[in-house]
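*Asks:* For reference, the sequence and a predicted model appear below.
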Amino acid sequence: MTTPTPTLAVKVLRAPRAHRTSLVFAIACGVVAVMTLAAVFAPFVAPYPPDAVDFTAVNAGPSAAHWLGTDGLGRDLLSRLVFGARTALLGPLLVVIGSTIIGMLLGLLAGWRGGWIDAVLGRVFDVLFAFPSLLLAIMAVALFGKGLVAPVIAMSIAYAPFVARLTRALVKAERTRPYVAAYRVQGFGGAWIAFRRVLPNVTPIVGAQSTLNFGYVLAELAGLSFLGLGVQPPTPDWGAMINEAQSGVAGGYFLPAIVPAVAVVLVVVAVNIIGEELSDRIGGGVPA
């Protein structure tokens, strides 16, 4: 009796765990790379301007002219998806960079100096932990107006304590290592050791963990745009696209809402997979 040839899915499931992990990691990197390249080269990739209106193709399905269909105004969904990737990816990137810089500096100060500085910063972190990042972003919008700038600044502050607490734990573990004592014996100052030797040693682990924040921030900023508090029309944005598609969903046109929603989910999942894999490879366990 002839044994049937295993399908690709069966081969993947039968493969060793390490191979499956590498395959999933490669797919996640591919998704992020495609979205990033599409955002960077949006004017060359998008078949139409993002705000080009065609009233003869309102809520049209996928076709040769519109690969992903059109929305309620006849705008090409693929073009709006590609241009919307710019704000959808830029906001989280700025938050991750800002929160990582702020958190690493505060965590380095708390972990290296210790004492009352560590205690005060610890209480500040506890206070910030009590406020959800999305709530801080909404408060910032209420104070400074709608757009991308205020939520990015608020979320950078909200996510900084997570980075700071990790950095503090790593720095406290590093400062007890023999190489730190050796530098002190050689006459190097504490600030030089902290910034030139300790900080570079903890940066890879902190960076890998900070990657996980990207997906959370992307989802939250998309939620703000969905509520009408983030990126404002006519600038295309994935969250705003879902908001604009609500009336179409009530009429049975689901594609204008599904396309940006799937894009958000794909990028969030892909970034989380990349962050988890980087943490595992670098050894991102937090010292007790």
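*Replies:* Yes, it's here.

*Asks:* Which neighbouring elements make contact with the helix or strand where Val171 lies?
*Replies:* Assigning secondary structure by DSSP states H and E places Val171 in helix 149-174. Counting by 3 or more Cβ pairs under 8 Å, 6 or more residues apart in numbering; DSSP states H and E, the packing neighbours recorded for helix 149-174 are helix 77-113, helix 115-129, helix 133-144, helix 199-226. Heads up, the C-betas are built off the backbone N, CA and C, glycines and all.

*Asks:* Buried residues of that helix, list them for me.
*Replies:* Within helix 149-174, the residues that qualify as buried by neighbour count (16 or more other Cβ atoms under 10 Å) are 150-174.

*Asks:* got the contact list for the residue lying closest to Gly74 once chain neighbours are set aside?
*Replies:* Leaving aside its chain neighbours, Gly74 sits nearest to Asp54 (3.8 Å; criterion: Cβ to Cβ, 6 or more residues apart in numbering). With contacts defined as Cβ atoms under 8 Å, 6 or more residues apart in numbering, Asp54 is in contact with 70, 74-76.

*Asks:* Out of those residues, who's the most crowded?
*Replies:* Most neighbours among these, by other Cβ atoms under 10 Å: Thr70, with 29 neighbours.

*Asks:* Thought Asn59 was touching that residue, still the case?
*Replies:* Yes. Applying Cβ atoms under 8 Å, one finds Thr70 in contact with Asn59, separated by 6.4 Å.

*Asks:* who touches both of the two?
*Replies:* Common neighbours of Thr70 and Asn59 (Cβ under 8 Å, 6+ apart) are Pro256.

*Asks:* if we can go back for a sec, I'd like to know which of the helices and strands packed on helix 149-174 lies nearest to Glu276.
*Replies:* Across the helices and strands packed on helix 149-174, Glu276 has its closest neighbour in helix 199-226 (7.2 Å, Cβ to Cβ).

*Asks:* packing partners for that closest one?
*Replies:* helix 77-113, helix 133-144, helix 149-174, helix 238-244, helix 255-282.

*Asks:* Need the mean per-residue confidence for the third one.
*Replies:* I take that to be helix 149-174. Throughout helix 149-174, pLDDT has a mean value of 92.

*Asks:* same question for the helix or strand following it, mean pLDDT?
*Replies:* Note on helix 149-174: by DSSP H and E, the next helix or strand toward the C-terminus is helix 178-185. Per-residue pLDDT over helix 178-185 has a mean of 88.

*Asks:* how far off helix 77-113 does helix 178-185 point, in degrees?
*Replies:* Put simply, helix 178-185 runs at 60 degrees to helix 77-113, going by axes from the mean of the first three to the mean of the last three Cα atoms, to 10 degrees.

*Asks:* got a list of contacts for the helix or strand that comes right after helix 178-185?
*Replies:* Scanning forward in sequence from helix 178-185 by DSSP H and E, the next helix or strand is helix 190-193. Residues from elsewhere that reach helix 190-193 (Cβ under 8 Å, 6+ apart): 112, 180, 183-184.
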